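Q: Kindly generate the corresponding structure for this input.
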Amino acid sequence: MQRHSTMDIPPALVPYARRIALRDLELFYYDAGVTENPILFLIHGLGDEADTWRAVIPLLAQSYRVIAPDLPGFGHSFGPKGGYSLTFFARAMAEFITTLGLQQVTLVGHSLGAMIAQRLSIGLPRLIQQQILISGCLPIKRQFPPRRLWPLLLPGVGELMLAGLQRSRELAFQSLRPFYYHLYELPVRERRFLRQRVWVRLHQKRQRRATLSALRWLAVDTLFRSHQYLDLVSECPTPTILMSGEHDLIVDGESIEAMAVVLEGRGQYIHLERCGHMPQQEQPTLICELIAALVPARRDGEPNWRNEHSDG
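A: Model prediction:
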């Protein structure tokens with residue numbers, strides 16, 4: 001029986017929509033740009049989808065081949081009922097990359113996607129040219145999860161909390177406020193999209209289950225595997241760029257600063273002004289400009305970085 005997602009694909013991304021069957025998974029992804037161009041592999045964050053990059057994919061596709069999958073269990077992709085650990089995601093993305101035959105990839109990961117990207121670069125160093133980690137990195141400092149997350153980590157309680165947000169579209173939309181520097185300064189069209197999207201997420205059982213499973217596994221990794229990740233990162237030669245919003249309330253800035261210290265000599269740390277946790281949505285043109293400055297591209301002429309996502 002064919003399975004259907006209730007999530008609409010943004011019209012600008014429809015031409016790039018693809019689907020692939022892996023060994024145990026069925027993944028949806030976007031593939032934009034010219035095949036011969038340098039490859040950007042975009043990995044979204046927790047509870048999100050590949051269209052978090054909706055404003056940057058068409059712009060970057062002018063100069064790169066841009067590939068952005070929905071992680072297993074999220075968006076239009078299907079996955080198992082549980083076990084959404086960093087190792088699981090990294091193995092799934094490794095299989096995806098090797099199945100497509102990609103070489104010399106630049107990873108661009110956001111939040112959880114940044115952790116997955118860094119884990120991938122450790123496991124596939126020959127295929128990864130460099131990595132750009134936005135609003136996240138592997139946990140290399142042992143720490144307890146923030147108190148605000150404790151209820152979500154409890155089986156049954158987390159499920160009830162997400163169910164509670166289904167009472168009202170406005171309540172669901174307000175749950176996004178901590179993720180943005182200023183949610184109501186986003187363009188009207190963007191706010192309209194997010195209002196509808198968060199409502200659909202909350203009513204998609206598969207995505208709720210994957211989100212809570214991934215969150216709980218992250219708590220385990222942060223508590224018990226930080227020393228292991230520190231050793232792995234210390235030995236990984238992949239050039240790394242760290243980016244974080246100046247007003248990020250979701251990711252502990254000290255964790256990213258600690259990673260910058262460990263990676264000294266192998267990358268750089270870029271602070272993004274007027275950004276919260278979602279720079280690719282809040283400042284998409286800036287993100288494109290930074291990527292273009294960091295990743296050499298073969299192109300004819302100069303790309304047009306005008307933000308098609310604005311109301312102008």
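Q: Run a quick neighbour tally on S135.
A: Using other Cβ atoms under 10 Å, S135 is surrounded by 27 other residues. Where you see a C-beta, it was placed from the backbone N, CA and C, and this is true even at glycine.
Q: Would you check that it makes contact with M243?
A: Yes: using Cβ atoms under 8 Å as the test, S135 is close enough to M243 to be in contact (7.2 Å).
Q: Overlap in contacts, these two.
A: P279 (Cβ atoms under 8 Å, 6 or more residues apart in numbering).
Q: after the longest helix seen in the chain, next one along is what?
A: Looking across the chain with DSSP state H, the single longest helix is helix 205-224. Following the chain from helix 205-224 toward its C-terminal end, the next helix or strand by DSSP states H and E is helix 226-235.
Q: could you say what helices and strands the longest helix of the chain packs with?
A: Helix 205-224 is packed against helix 86-100, helix 112-123, helix 150-153, helix 157-164, helix 188-202, with contacts defined by 3 or more Cβ pairs under 8 Å, 6 or more residues apart in numbering; DSSP states H and E.
Q: And L22, its phi and psi?
A: In this entry, L22 is assigned phi and psi values of phi -100, psi -170 (degrees, to the nearest 10).
Q: Would you agree it is in contact with F96?
A: Yes: contact status for L22 versus F96: in contact at 6.4 Å, counting by Cβ under 8 Å.
Q: Give me the more crowded residue out of these two.
A: Taking other Cβ under 10 Å, L22 and F96 do not tie; F96 has more neighbours (20 against 13).
Q: Quick one: residues contacting the most centrally placed residue in the chain.
A: The C-alpha lying nearest the average C-alpha coordinate of the chain belongs to H44 (Cα atoms, centre = their mean; 1.9 Å). Each residue near H44 by Cβ under 8 Å, 6+ apart is listed here: 50, 52-53, 68, 70-71, 74, 110-113.
Q: cutoff 7 Å now
A: 50, 52, 71, 110, 113 (Cβ atoms under 7 Å, 6 or more residues apart in numbering).
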